[in-house]
Each structure stands twice: as structure tokens, then as C-alpha cells.
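J.: okay, here's the prediction I keep looking at, along with the sequence it came from:
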Amino acid sequence: MSRYARNWAWWMGMHWTHRRAPGEPQLTFNYTQALSDYKNNFSFSRGVTFSAAKQYQHIIPALVNRIWERDNDKATVLAEVAQNGGVTGDAFAKIAYDPAWVDSARNVHPGRVRILPLNPSTCFPEWHPHDRERLVRFKLKYRFWGTNLEGTRQVFTYTEVLTDDTVEEYVNDELIDRRPNRLGQIPVVHIPNISVSGSPWGISDIENLIALNREYNEKATEISDIVNYHSQPITVMQGAKNPSTEVGAHKVWHVPQEAKVYTLENGVDLVGPLQYMELIKRAMHEMSGVPETALGQQQAISNTSGVALAIQYLPLMSQHEAKVRNYSVGLRKINELALRTLFLFEPETLLYDPDTDGIIEPGQPSVIDPTDPLVYRTECHWPPPLPVDTLIKLNEIQLKMGLGLESKRGALKDLGTEFPDEKAAEIFEELRNDAIEQGALEFIRAQINSAILAMTGMTPQGENAPAPPTGANSDSASAPPTNPVANQATVMAGTEHKIMTELVTLAHGSRTPQRRDPDTDSA
């Protein structure tokens with residue numbers, strides 16, 4: 001806990017253990033926070049997507065997306081988990097179910113599965129002595145403000161003890177609730193930021209920066225003292241004594257001829273100290289893996305390729321891969337516990353729902369078997385942290401598809417689409433609607449041309465003359481032309497009749513015209 005408290009103090013800028021006299025500088029360059037936040041943003045700012053086993057791709061991704069996006073704020077949860085891990089070295093998350101409730105305004109709030117990041121300093125896990133990945137007991141303990149029976153504000157201590165069998169809650173060491181653990185396992189996930197061999201605990205991103213940042217602040221303060229000392233130079237008088245002499249501009253002094261008056265100059269060369277500070281700053285960047293140009297240092301604009309940029313950020317990419325490896329394991333455990341909690345409190349989600357779930361394919365079950373381990377097996381997909389030229393990426397995908405080495409579904413996944421099947425269905429539906437709308441336009445154009453031909457006997461400009469009727473009595477000019485529309489009901493059936501109905505409806509319209517008040521249009 002002392003390590004957690006020290007790291008949080010440094011991250012929040014409390015770098016000094018003493019206060020200097022009022023008016024004296026005490027500089028604080030919080031590179032600890034800047035570098036830690038940059039690494040977290042580098043790895044987590046683009047988010048993460050999840051995929052399920054192929055057998056359950058029509059249900060599980062939609063449920064996982066509901067848990068992260070609707071029941072929780074995905075970006076906020078990931079940011080808190082990353083910050084806890086980056087600062088303290090350990091990240092904890094608790095999965096709980098919040099039942100449906102009605103507020104004072106009679107608004108109904110549906111039940112939801114909560115993913116709650118925990119402060120590591122309030123967590124006390126106990127692992128199996130021979131398996132450091134198996135959590136056998138977990139205690140959560142923190143203080144909170146409340147109102148006692150007398151109506152005064154008081155600090156209370158809340159304690160929750162979780163095991164696979166029971167859940168116990170205490171307030172000020174007094175048992176207030178004891179109930180069985182319906183989930184059958186501890187709903188808490190521990191994620192080490194950087195793994196340590198043989199230990200369940202992790203290492204923070206700022207562990208190697210604290211000593212360097214302290215030295216940088218101290219030397220910056222000492223240089224500031226030197227500058228302040230010589231910014232108000234001392235005037236030295238030899239052979240004269242006049243305590244009433246005022247030092248300043250436009251002042252006239254009368255001193256003896258043999259007297260000397262001069263200003264005490266700065267004889268300290270600050271080049272060495274400044275180079276030493278630059279050395280410390282460079283060491284902090286090397287320890288963290290963050291390039292010196294990443295924190296806003298001005299640099300020339302160039303069209304650096306993605307490969308060259310990856311080489312420049314290679315140390316940071318190496319640490320990114322190490323973090324992603326650990327956090328992927330933790331996020332998969334969070335998804336498993338969240339799905340088990342959802343199935344426990346909302347068993348109707350085991351059924352396939354075409355309105356909210358994905359596209360079901362032949363061979364996929366319409367009901368989930370909660371005892372199947374494949375149900376809870378998800379994979380994490382992290383987008384590349386470095387910027388990608390979309391045009392180059394599209395050209396690469398187009399070349400692969402032209403050579404038959406890539407499918408449309410794979411192309412959508414490469415472009416970062418979380419639900420490629422739904423996206424492909426959306427594209428198909430749009431193409432279908434475009435074809436129907438184009439057919440409706442051609443249908444209207446044909447009717448207009450027929451009306452012009454019937455009224456004038458002339459073929460519209462740019463249109464071909466209609467073909468003569470065929471049959472045994474084709475020589476008879478008095479025979480009325482057949483009406484193809486009258487015979488459509490007997491010729492078309494099934495899908496063709498449905499398409500024709502859509503064409504007629506779209507061409508002639510079945511909705512009343514609508515207008516928008518121009519005064520209410522947004523600018």
C-alpha cells in the first residue's frame with residue numbers, strides 16, 4: 001500500500017516532502033504523469049473489439065457489446081483500468097449486476113451488468129499457494145462518509161469478503177449481510193500491468209521514472225536559485241561609505257576619487273547544469289520508451305512511412321505489446337464473468353433475438369448452452385496504435401481481393417469493423433434498394449414515353465421505336481395492342497410480384513407529401 005500511495009502522489013504532482021520558505025521557487029516538472037498518460041493513451045485510446053467462437057458469433061458479440069457499450073461506458077472503464085495499472089502496477093475490476101429500478105420520476109431503469117474498476121489500495125486478494133492465477137478469497141475495504149442515527153456526518157468503514165461460496169458485508173467490523181455466492185466464483189479480475197516472473201503482482205509504468213524525476217526537479221530548482229540570485233546583482237563599493245546611496249537608474253553618486261564601484265557578476269557557467277538536466281530528461285524518455293518528440297516538441301513535417309514510424313516508436317511498441325498481452329487476458333476474464341452474470345440474472349438472453357443479435361447462419365444454435373466453454377471464449381482485437389494511411393490500406397486490400405487472397409468480410413475486419421457480417425448485410429441491402437430505385441425510375445420513364453407515343457404518335461427523342469407486335473394476325477393494324485400490365489397478375493408470382501409491387505409503390509408513391517418548417521432547420 002505504501003508503494004501505491006507513493007506512486008499516486010508522484011502521478012498527481014506531489015513530488016516534494018518539504019516546503020520551502022515563501023517566495024523561494026520549488027519547481028515541479030511532472031514528467032511522471034505526462035509519460036504514464038501518454039503510454040496509456042497510446043495503447044487504449046483506440047479502444048478494443050471482441051470476437052466470439054464461430055458457433056456463437058450470432059449471439060455472443062451482441063451481448064458483449066451490450067455489456068460494454070450500453071450497461072457501461074466502455075471508454076471510461078478502459079481508461080480507469082489502464083490508469084490504475086499504469087500508476088500502481090495492478091488493476092482490479094469487479095463484475096456485479098445492478099437490478100432494474102424505478103426512480104422518483106417513475107422512469108424505469110433496466111437491469112445491467114456493471115464493470116467496476118477498483119482502487120488497488122482497497123483490494124486485498126488471496127491467491128492459491130500453488131496457483132497464483134487462482135483467487136481463493138478477496139477482501140474489499142474502504143472508508144466512506146455517512147449519517148449516523150443522531151443525524152451527524154461520520155466516517156464508516158465498509159468491508160466485503162468474497163469467496164466462491166459466500167458473500168459477507170461489514171460496516172465498522174459489524175456483519176450486516178451474509179448470502180451465498182450465486183455465481184459460484186469470485187467476480188473480481190486482477191490484471192498485472194507488467195508481469196513479474198514468479199509473482200502475481202505487476203510493475204507500474206512510472207517505477208523507473210520517480211528517481212529521475214526527483215533529480216530533475218531538484219536540479220531545476222537549484223538552477224532557478226542561481227538565476228534569481230544574479231537577476232538582482234549586488235553593487236560593491238570599495239573606498240567609500242554612504243549608507244544612504246540609492247541603487248537604480250538615473251542615480252548620481254559622489255564618491256572619492258580612489259573609490260571603486262562595480263557590480264558582482266555571475267561567474268557560474270550554466271551550460272553544464274543545463275546539459276545535465278537534458279541528460280536526465282533523455283533518460284526518462286529512454287526508460288519509458290516514449291520518444292522525445294512525442295510530448296509536443298516541435299519537429300519538421302515529413303511524409304514518414306509507416307515502417308519508418310514503427311521503427312522510431314519501436315521501444316514504445318515493445319512495451320505496448322507487453323501491456324496488451326496482459327490486459328487481453330484480463331479483459332477475456334471480465335467478459336466471461338460478465339456473461340455468466342448476465343445469464344444468471346437474465347436467462348432470457350440465452351435465446352437468439354433477431355432484433356438485437358447478429359445474423360444467424362445454418363448450423364448455429366438458437367439457444368445458448370451455458371455449460372459450453374466456447375460460450376465464454378472471446379478474443380481481443382487491438383487496433384494499431386500508430387496512424388495508418390487509409391488510402392494505402394485500401395489499395396493493399398484491393399490488391400489482395402484482386403488476387404483472390406482476401407474476402408469482403410476479411411477486408412471489413414482489416415478496416416476495423418467490429419461486426420463485419422452486419423456491415424456486409426447493410427451494404428447488400430443498400431445495393432438492393434439502389435437497384436429497386438433505379439428500376440422505379442426506368443418504370444416511370446417507360447410510362448412517360450408510352451404516353452408521348454400514344455398522344456403524338458412520335459417516338460421521344462433518343463428512344464428506340466417500339467417493336468411491332470408478333471403473332472398470326474400481325475398484319476392487322478386494327479388489332480388493339482395487348483396490355484401487359486393487365487396480364488401481370490397472372491404472369492408474375494412470388495418474388496417477382498413483390499418486386500413489381502415495390503417498383504409501382506416507389507414510382508407512384510403511397511405516402512402523403514411531407515414538408516419541413518424552414519424556420520426549424522438547423523444551421
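T.: Happy to help now that I have it. Numbering: from 1, shown residues only.
J.: between the two ends of stretch 253-260, what distance do you get?
T.: Length of stretch 253-260, first residue to last, C-alpha to C-alpha, to the nearest Å: 12 Å.
J.: avg pLDDT for it?
T.: Here stretch 253-260 scores 75 as its mean pLDDT.
J.: off-centre distance for it?
T.: Chain-centre distance of stretch 253-260: 74 Å, with C-alpha atoms, centre = their mean, to the nearest Å.
J.: got it, and stretch 365-384?
T.: Distance, centroid of stretch 365-384 to centroid of chain: 21 Å (C-alpha atoms, centre = their mean).
J.: what is the neighbour count of Pro362?
T.: For Pro362, the count of nearby residues is 4 (other C-beta atoms under 10 Å). No exception for glycine: its C-beta is placed from N, CA and C like everyone else's.
J.: so it, which state does it fall into?
T.: At Pro362, secondary structure determined by DSSP: H, G, I helix; E, B strand; the rest coil is coil.
J.: OK, contacts around it?
T.: Listed by C-beta atoms under 8 Å, 6 or more residues apart in numbering, the contact set of Pro362 is empty.
J.: where does it land on pLDDT?
T.: In this model, Pro362 carries a pLDDT of 86.
J.: show the backbone phi and psi for it.
T.: phi -60, psi 140 (degrees, to the nearest 10).
J.: can you give me the distance of it to His58?
T.: 11 Å (C-beta to C-beta, to the nearest Å).
J.: over to Leu162?
T.: Relative to His58, and taking C-beta to C-beta, Leu162 is found at 34 Å.
J.: what of Gln83?
T.: Gln83 is 35 Å from His58, by C-beta to C-beta.
J.: which one of these two is surrounded by more residues?
T.: His58 (20 against 17).
J.: tally of neighbours for Arg46?
T.: 13.
J.: quick check, pLDDT for it.
T.: Value listed for Arg46 in the pLDDT field: 90.
J.: and Glu429, by the same measure?
T.: Predicted confidence (pLDDT) for Glu429: 86.
J.: next, the buried residues of the helix or strand in which it is found.
T.: In this assignment (DSSP states H and E), Glu429 forms part of helix 420-456. For helix 420-456, the neighbour count (16 or more other C-beta atoms under 10 Å) marks Pro420, Asp421, Glu422, Lys423, Ala424, Gly439, Ala440, Phe443, Asn449 as buried.
J.: wait, the first one sits on Leu412?
T.: Yes - at 3.9 Å, Pro420 counts as touching Leu412 under the criterion of C-beta atoms under 8 Å.
J.: what's the following helix or strand after the strand or helix carrying Val113?
T.: Element membership of Val113 [criterion: DSSP H and E] is strand 112-118. Where DSSP H and E defines the elements, the next helix or strand beyond strand 112-118 is strand 123-128.
J.: pLDDT on that next one, on average?
T.: In the prediction, strand 123-128 has an average pLDDT of 95.
J.: that one: partners in the sheet, and parallel or antiparallel?
T.: strand 131-147 (antiparallel) (DSSP bridges).
J.: and the angle from the partner strand to strand 112-118?
T.: 100 degrees (axes from the mean of the first three to the mean of the last three C-alpha atoms, to 10 degrees).
J.: tell me which residues in whichever helix or strand comes after strand 131-147 are buried?
T.: Once the chain leaves strand 131-147, the next helix or strand it forms, by DSSP H and E, is strand 153-162. Going by neighbour count (16+ other C-beta under 10 Å), the buried part of strand 153-162 is Tyr158, Thr159, Glu160, Val161, Leu162.
J.: following element in sequence after strand 153-162, please.
T.: Assigned by DSSP H and E, the successor of strand 153-162 is strand 166-171.
J.: what inclination does the helix or strand just after that next one have with respect to strand 166-171?
T.: With elements assigned by DSSP H and E, the helix or strand that comes after strand 166-171 is strand 174-180. Following the same axes, to 10 degrees, one obtains 160 degrees for the angle between strand 174-180 and strand 166-171.
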